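Colleague: Below: sequence and its predicted model.
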Amino acid sequence: MSDPLRRVARSGRGLLIGFLAFLAGLLLFRWGAALHVEHLWYSSEDQARVFWTRTGADWGVRLLVGLGVGALTWVNLRIVARTLSGLRIRRKVGDLVIQEQLPARIVRWILLGASVVTGLWFLAAIPSGSGLQALLFFTGEATGTTDAVLGADAAFYLFRYPVLSGSVTLGLVATAFIAILSAAGYSATGAIRWGNGRVDLSRLPTVHLGWLAAVFLLFLGLRFLLGPYGVVLDGNSGVQGIVGHADVNARIPGFRMAAFLTFVTAGVAAWGARRASLLPAGAGGGALIVLVLILVEVFPAAIQRFQVQPNELALERPHIAAAIEATWRGFDLEGMDREPWDYAPPGSDDWDEALERMRRVPVWTETPLLATLREIDATVRYYDFNSVAFDRYVTPDGLEPLAVAVREINPNQLPGSGQDAGPGGGGEASWENRHLRERFLAGVGAVAGAL
């Protein structure tokens with residue numbers, strides 16, 4: 001490459017790196033500003049320690065997941081890199097065509113970049129609040145209240161089940177993604193060849209993908225093992241969606257049997273991987289899909305249709321009673337006593353009280369009230385009411401119902417935005433106009449009206 005071309009390439013590379021650094025700086029600045037505002041809010045309530053604990057836990061979980069997935073991606077891609085001898089760069093020098101193997105340094109940088117991007121992607125996918133869930137997983141205390149089906153403490157469903165379920169789902173997604181990435185790498189290097197209606201794999205990708213299939217099945221088995229607890233939280237009974245007869249006697253045992261079969265299939269897949277064969281994993285996986293559908297869906301549906309529905313009240317009565325009792329415990333209503341109420345015809349005082357109560361019943365609903373507020377109190381088109389709330393306030397005449405709404409700026413209706421924007425776009429719909437200029441902020445406030 002001549003010197004001018006080399007200088008152009010270097011300058012272009014520098015511009016690209018500078019642009020990416022600028023974008024990264026903007027993202028970090030935005031994140032830092034949001035973090036600072038959140039810290040100010042916690043500090044105003046004298047809870048700065050809580051803020052740092054939650055923030056540290058959130059980012060600790062994110063970093064743990066990002067580093068873990070990135071490291072696993074790096075290890076698997078290093079295995080794929082053993083087949084890079086089949087991937088060569090073709091260069092033409094005069095009339096000669098030269099094929100060169102990729103330098104090891106470039107290969108390492110490519111693998112490192114792919115691993116870092118994968119780790120960052122999974123890091124960003126971790127939802128906010130995961131750190132708090134992780135803290136509660138280790139510190140949440142037992143409540144002493146157990147469910148009537150599995151006998152698990154309520155603390156398990158509140159603190160531990162969400163973390164276990166999310167971790168298993170993360171393992172499934174990460175394993176599947178790494179397997180797809182590895183298969184793509186093997187295809188690029190020629191270790192996996194497609195053609196003539198068949199797929200040809202050399203020994204290394206067969207063993208590698210076989211072990212990944214076994215790991216995926218292991219996570220899937222753990223998912224099925226947690227399935228009964230999900231049924232307890234959200235049953236499939238026709239009675240208010242609670243746990244029913246078919247759930248207890250068919251679906252929960254079906255999940256347990258599915259977990260056992262999945263673990264067996266994972267062992268078969270690992271056995272096949274040791275012998276450089278994907279046939280055990282493929283055959284076992286196909287049979288597993290059929291068996292799981294029968295155990296978890298078909299058999300419980302048959303029990304519900306032919307056993308429960310003809311005698312539904314008798315079979316569902318114990319589960320309804322258990323759900324009612326759990327509701328009483330949840331709302332601390334177990335100490336309630338039922339007393340008969342002596343009925344008496346209403347007298348004049350009762351009717352006066354009823355009329356007084358009826359006088360305070362709101363006669364407006366949200367839809368016409370919002371339309372009226374927008375018509376009368378918006379004043380100009382760039383003010384709007386997003387919602388209206390109903391409240392009651394103490395007055396000398398007693399409680400009076402009021403409608404309360406917030407008048408705020410609709411940025412899409414500012415002059416110079418939307419259809420009013422000129423050829424340059426933007427106009428007056430800028431950040432300054434929405435947040436600083438008195439002309440637009442003067443009308444921001446609350447509106448209250450009697451109902």
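Modeller: Perfect, thanks for sending it. Nothing here was measured: the structure is a model prediction, and the numbers come from that model.
Colleague: CA only for contacts and neighbour counts going forward, please
Modeller: Fine.
Colleague: Residue 380 and residue 374: what is the separation?
Modeller: According to C-alpha to C-alpha, to the nearest Å, residue 380 stands 9 Å off from residue 374.
Colleague: Compare those two (neighbour count), which wins?
Modeller: Of the pair residue 380 and residue 374, residue 374 is the one with more neighbours under other C-alpha atoms under 10 Å, namely 18 against 15.
Colleague: doesn't residue 385 make contact with that one?
Modeller: Yes: counting by C-alpha atoms under 8 Å, residue 374 touches residue 385, with 6.5 Å between them.
Colleague: Is it correct that residue 378 is in contact with residue 405?
Modeller: No: using C-alpha under 8 Å as the test, residue 378 is too far from residue 405 to be in contact (11.1 Å).
Colleague: which residues do residue 380 and residue 374 both contact?
Modeller: With contacts defined as C-alpha atoms under 8 Å, 6 or more residues apart in numbering, no residue is shared by residue 380 and residue 374.
Colleague: if we can go back for a sec, please enumerate the shared neighbours of residue 378 and residue 405.
Modeller: Common neighbours of residue 378 and residue 405 are listed as residue 385 (criterion: C-alpha under 8 Å, 6+ apart).
Colleague: residue farthest from the centroid of this protein?
Modeller: In the chain, the greatest distance from the average C-alpha position (C-alpha atoms, centre = their mean) is reached by residue 348, at 57.8 Å.
Colleague: Against residue 355, how distant is it?
Modeller: When distance is defined by C-alpha to C-alpha, residue 348 is 11 Å away from residue 355.
Colleague: repeat for residue 29
Modeller: Summarising the geometry, the distance separating residue 29 from residue 355, computed by C-alpha to C-alpha, is 60 Å.
Colleague: and what of residue 191?
Modeller: Remark: distance between residue 191 and residue 355 (C-alpha to C-alpha) = 84 Å.
Colleague: which of those two has more neighbours?
Modeller: residue 191 (25 against 12).
Colleague: who's in contact with that one?
Modeller: Applying C-alpha under 8 Å, 6+ apart, we find residue 191 in contact with 83, 86, 201-202, 205.
Colleague: Out of the residues you listed, which sit inside helices?
Modeller: Residues of the contacts of residue 191 located in helices (DSSP state H): residue 205.
Colleague: Buried ones among the contacts of residue 191?
Modeller: Among the contacts of residue 191, those classed as buried by neighbour count (16 or more other C-alpha atoms under 10 Å) are 83, 201, 205.
Colleague: closest to residue 45 among those residues?
Modeller: residue 205 (57.1 Å; C-alpha to C-alpha).
Colleague: Any stretches of this protein with poor pLDDT?
Modeller: When residues are selected by pLDDT under 70, those of the chain lie in 1-13, 85-103, 415-443.
Colleague: Residue ranges of each domain in it, please.
Modeller: Per automatic domain parsing, the structural domains of the chain span 17-46, 47-88+101-139, 173-330, 362-450.
Colleague: Minimum distance to residue 147: which of those has it?
Modeller: Among the domains of the chain, if distance is taken as C-alpha to C-alpha, the winner is domain 173-330, at 7.9 Å.
Colleague: what's the span of the closest one, first residue to last?
Modeller: For domain 173-330, the separation between the terminal residues is 35 Å (C-alpha to C-alpha).
Colleague: got it, and stretch 240-251?
Modeller: 17 Å.
Colleague: can you list contacts of it?
Modeller: Stretch 240-251 is contacted by residues 149, 228, 231-232, 234-238, 295-297, 299-301, 303-304, 308, 315-316, 319-320, 323 when judged by C-alpha under 8 Å, 6+ apart.
Colleague: ok so, going back, output the buried ones among the contacts of residue 191 as TSV; include the columns distance to residue 109.
Modeller: Supplementary listing: those in TSV, determined by distance: C-alpha to C-alpha, whole Å:
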residue	distance to residue 109
83	16
201	26
205	22
